[in-house]
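Engineer: Coordinates for the following, if possible.
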Amino acid sequence: MFAALRELHLQALQELISVLKLQGKLDECANVHEELLQHFQKLYGPNSSRTLKHQVRSLHSRCLSFERLKPCQIKLGTIFQRCGRLSDAEATLRQTLSALQRCFGSDDAGTLECLSSLAFLLNQQGRLDEAEPMLSSALEGSRRVFGTDHLKTLLVQNNLAALLISRAAIAHSASDFSGASNIYDAAELIMREAFSLQLSSVGESHAITQQTMHNLAALLHARRNDSEEALKFMRRAVSSRTASLGISNALTIASQSSLVNMLLKRGGDGVSEAEDIMRSMCAIHHGNFDEWIKVCATSQGPGGPLGILVDIRLQ
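Structural biologist: Predicted coordinates for the structure are as follows:
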């Protein structure tokens, strides 16, 4: 009975939206869209296909002027991406970026956010050659507009370093050891600078700082398998994530499994330490074994645990 009444209420809101749109009452229409979206989020969850589809429609209804278009269209692109509609996401972000650059210039906050979002999308698809110059431009612009220690700048800086780690791994797998070494040098320089700024500006317990610790450990390990510094950073990432996120969080598990991988490759005393960690993890995650195995499997990359991008749009 309750479910039927709920569906009738949702249907009535959708019909009201249609009536308001026909009368040109677009502001009121957008407000009803927002009310309906809140119902969908509560009933089906924020990432369900039904919620995401309505969120797309809701955002379209709010794009009544170009000032509103800036945040709405950028968010629309990210929703398309989460729905798996990558071509729609790319087209939306490219069109929005072109309009923002034309109307507001390269140093507008919305332009920089859109540029970073598009670069992130391309990077996730493995289109590194297209993504890298965009991220470099976004980093330069963020430093000018927000400052070197602003969170948005730090996020872009972390994403650029993680992209370079991916590029170096590809070069290494292709036996281009000299090229890989040069790329690793650039990534390490960016990441060490970012880590120092993050510690002083947002602290060690912040997600971006923890991710940089993980990524820096991955980079150092990829270059030198027996690096004591790499182990130090990964242990620190595990400890920090455990304290702030909990032992069963997916990011904590990712750092734990990466640490185990590094210890096993090191051999010697590292094997016994890895065994202790694995026994502890098995005991803790016994009730959620399948999820733990999935995280452990996906946290590794060619030549060892690789960096994980932090999505600037989700911060």
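Engineer: T96 is in contact with F80, correct?
Structural biologist: No - F80 lies out of contact with T96 (C-beta atoms under 8 Å); the separation is 11.6 Å. Any C-beta I mention is one placed from the backbone N, CA and C, and that applies to glycine too.
Engineer: Neighbours of the residue nearest to D108 when sequence neighbours are not counted, how many?
Structural biologist: In space, and not counting its chain neighbours, D108 is closest to L100: 6.2 Å by C-beta to C-beta, 6 or more residues apart in numbering. Neighbours of L100 under the rule other C-beta atoms under 10 Å: 24.
Engineer: quick one, helices of the protein?
Structural biologist: Per DSSP state H, the chain carries helices over the ranges 2-22, 26-44, 49-62, 66-82, 86-104, 109-124, 128-145, 151-173, 177-201, 207-223, 228-245, 250-266, 269-284, 289-298.
Engineer: Pick the most buried one from those helices.
Structural biologist: Across the helices of the chain, averaging neighbours per residue (mean count of other C-beta atoms under 10 Å) puts helix 207-223 on top, at a mean of 25.
Engineer: Give me the pLDDT value at L139.
Structural biologist: pLDDT for L139: 94.
Engineer: residues contacting it?
Structural biologist: T153, V156, Q157, L160 (C-beta atoms under 8 Å, 6 or more residues apart in numbering).
Engineer: Give the closest residue to it in space, chain neighbours not counted.
Structural biologist: In space, L139 is closest to V156, 4.8 Å off (C-beta to C-beta, 6+ apart).
Engineer: Please look at the one you found and E140 and confirm they touch.
Structural biologist: No - judged on C-beta under 8 Å, V156 makes no contact with E140 at a distance of 9.4 Å.
Engineer: Distance check, the residue nearest to L139 against G203.
Structural biologist: 19 Å (C-beta to C-beta, to the nearest Å).
Engineer: how close does I208 get to R94?
Structural biologist: 27 Å.
Engineer: ugh, typo on my part, it should be V145
Structural biologist: For V145 relative to R94 (C-beta to C-beta), the value is 21 Å.
Engineer: same deal with N123?
Structural biologist: Using C-beta to C-beta, one obtains 15 Å as the distance from N123 to R94.
Engineer: same check, this time on F104
Structural biologist: Distance of F104 to R94, given as C-beta to C-beta: 16 Å.
Engineer: so L155 makes contact with I208?
Structural biologist: Yes - counting by C-beta under 8 Å, L155 touches I208, with 6.0 Å between them.
Engineer: on that earlier part again, hey, what's in contact with both of V156 and E140?
Structural biologist: Residues touching both V156 and E140 by C-beta under 8 Å, 6+ apart: none at all.
Engineer: list the contacts for A186?
Structural biologist: L164.
Engineer: Just give the closest residue to E113, not the sequence neighbours.
Structural biologist: Residue nearest to E113 in three dimensions, not counting chain neighbours: I74, with 5.8 Å by C-beta to C-beta, 6+ apart.
Engineer: err, M262, not the other one
Structural biologist: Take M262 and drop its neighbours on the chain: the residue closest to it by C-beta to C-beta, 6+ apart is H221, 5.2 Å away.
Engineer: All good on my end, thank you.
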